[in-house]
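Novice: have a look at this prediction, sequence included:
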2 protein chains.
Amino acid sequence: MPDADAFIQAFRRLAAGVSVITALDPEGVPVAITATSLASLAADPPLATFNMARRATAWPAIERGEHVLVHILGARNRELAQRMAGAQTDRFAGDHWSPGPHGLPLLHDVPAWMLGRIVGRYPVHESAVVVVEIEDGGLGAEDEGLLYRERSWFRPGAPV
Amino acid sequence: MPDADAFIQAFRRLAAGVSVITALDPEGVPVAITATSLASLAADPPLATFNMARRATAWPAIERGEHVLVHILGARNRELAQRMAGAQTDRFAGDHWSPGPHGLPLLHDVPAWMLGRIVGRYPVHESAVVVVEIEDGGLGAEDEGLLYRERSWFRPGAPV
């Protein structure tokens, strides 16, 4: 440490829940971010944060848009997570989504989704912290959470 | 949704890795935050974020201090996680820590720790997003990550 490799090695040891944030870019084209950084910030008012690179395809949608949909993924959604982190042209090819609130892409069959109004964008170097206030949402069928750690997908295991 | 209860219910479905951030308050007293919000922000320079309530005991240390130690917890550290989230007087009673870089409390026997310089504090309502740049760190014995979901502690389970 503290070279970038050592930092990455340390963070690989942090297990993280997987979420997908969807938005519409200024031309109305759906975009997606598969994130392991989604975190609750406060319950009243309901606030959450996620982190992203400002060179990401989705950044113009976040920089200029007003709302996003935040989807919390379950173990059954691994394929969805990979698709949403894969080639741009594949992400919205199929019937795994439909237009939801404000026309935003709503992913089907997830354990929970939330409509977030972007209330803060904090650029730091080439990245940004994004703060959203949750305005609406819904719960789907229950599931174990989908986890990512050491570059692999997991479900939660035994209690400790 | 979107009442606070529904928001909390949605976030309970997000599995999260557990970390403990330690610092020294303006009087030099050790403080700790047990967080499920630790996230990588960028690798170059190495940046990370965590969220906290500004009414937390540790806030004065974060608001006025320059550095923190960030510890990524493993399944073997569940007791440590609970102690660091429990009564203030118990958190640093014992030999599970010693003074580390800058005199900050370094927790023993964790899979990874990092020294972070606080480079951003973004207050949002009663909470704050804290950005740290990682300056140093080390790896301990490998372990499965410690997870928190639906108000319970887990280890990672089967691949999906």
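Specialist: Done, it's in.
Novice: spell out, range by range, the strands that occur in chain A.
Specialist: A:16-17, A:19-24, A:30-35, A:39-43, A:46-53, A:67-72, A:97-99, A:105-107, A:112-124, A:127-139, A:147-149, A:152-159 (DSSP state E).
Novice: number of residues surrounding A:Ala42?
Specialist: Applying other C-beta atoms under 10 Å in any protein chain shown, we find 22 residues neighbouring A:Ala42. C-beta here means a position set from N, CA and C on the backbone, and glycine is covered the same way.
Novice: so who does it touch?
Specialist: B:53, B:124-127 (C-beta atoms under 8 Å, 6 or more residues apart in numbering or on different chains).
Novice: specify the beta-bridge partners of it.
Specialist: Per DSSP bridges, the residues bridged to A:Ala42 are A:Leu47.
Novice: pLDDT score for it?
Specialist: We have a pLDDT of 96 for A:Ala42.
Novice: how much space separates it from A:Tyr122?
Specialist: 16 Å (C-beta to C-beta, to the nearest Å).
Novice: that older thread, show the buried residues in the contacts of A:Ala42.
Specialist: B:53, B:124, B:127 (16 or more other C-beta atoms under 10 Å in any protein chain shown).
Novice: which of those residues sits closest to chain A?
Specialist: Chain A lies nearest to B:Ser127 out of those, by C-beta to the nearest C-beta, at 4.3 Å.
Novice: quickly list what the closest one is bridged to.
Specialist: Beta-bridge partners, per DSSP bridges, of B:Ser127: B:Ala53, B:Val124.
Novice: thought it was touching B:Arg55?
Specialist: No. Here B:Ser127 does not reach B:Arg55: they are 9.0 Å apart, not a contact under C-beta atoms under 8 Å.
Novice: the longest helix belonging to chain A vs strand B:127-139, what angle?
Specialist: In chain A, with assignment by DSSP state H, the single longest helix is helix A:4-12. Counting by axes from the mean of the first three to the mean of the last three C-alpha atoms, to 10 degrees, helix A:4-12 points 110 degrees away from the direction of strand B:127-139.
Novice: who does helix A:4-12 touch, helix- and strand-wise?
Specialist: Contact analysis of helix A:4-12 by 3 or more C-beta pairs under 8 Å, 6 or more residues apart in numbering or on different chains; DSSP states H and E lists strand B:39-43, strand B:46-53, strand B:112-124, strand B:127-139 as its packing neighbours.
Novice: now it against strand B:67-72, angle please.
Specialist: Going by the same axes, to 10 degrees, helix A:4-12 makes 60 degrees with strand B:67-72.
Novice: what angle do helix A:4-12 and strand B:112-124 make?
Specialist: Using the same axes, to 10 degrees, one finds that helix A:4-12 and strand B:112-124 are set 80 degrees apart in direction.
Novice: pull out the buried residues from helix A:4-12.
Specialist: Neighbour-count burial for helix A:4-12 [16+ other C-beta under 10 Å]: A:6-7, A:10-12.
Novice: by proximity to chain B, which residue of chain A wins?
Specialist: For chain A, C-beta to the nearest C-beta, closest residue to chain B: A:Gly157, 2.6 Å.
Novice: contact partners for the nearest residue to that residue once chain neighbours are set aside?
Specialist: Nearest residue to A:Gly157 in three dimensions, chain neighbours excluded: B:Gly157, at 2.6 Å (C-beta to C-beta, 6 or more residues apart in numbering or on different chains). Listed by C-beta under 8 Å, 6+ apart, the contact partners of B:Gly157 are A:144, A:154-158.
Novice: ranking these by neighbours, who comes first?
Specialist: Of the contacts of B:Gly157, with other C-beta under 10 Å as the count, A:Phe154 tops at 26 neighbours.
Novice: mind putting the buried residues of helix A:4-12 in JSON lines, distance to B:Gly86 and pLDDT included?
Specialist: Shown next, in JSON lines, are these (distance: C-beta to C-beta, whole Å; pLDDT from 0 to 100):
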{"residue": "A:Ala6", "distance to B:Gly86": "31", "pLDDT": "78"}
{"residue": "A:Phe7", "distance to B:Gly86": "30", "pLDDT": "87"}
{"residue": "A:Ala10", "distance to B:Gly86": "25", "pLDDT": "90"}
{"residue": "A:Phe11", "distance to B:Gly86": "26", "pLDDT": "91"}
{"residue": "A:Arg12", "distance to B:Gly86": "28", "pLDDT": "91"}
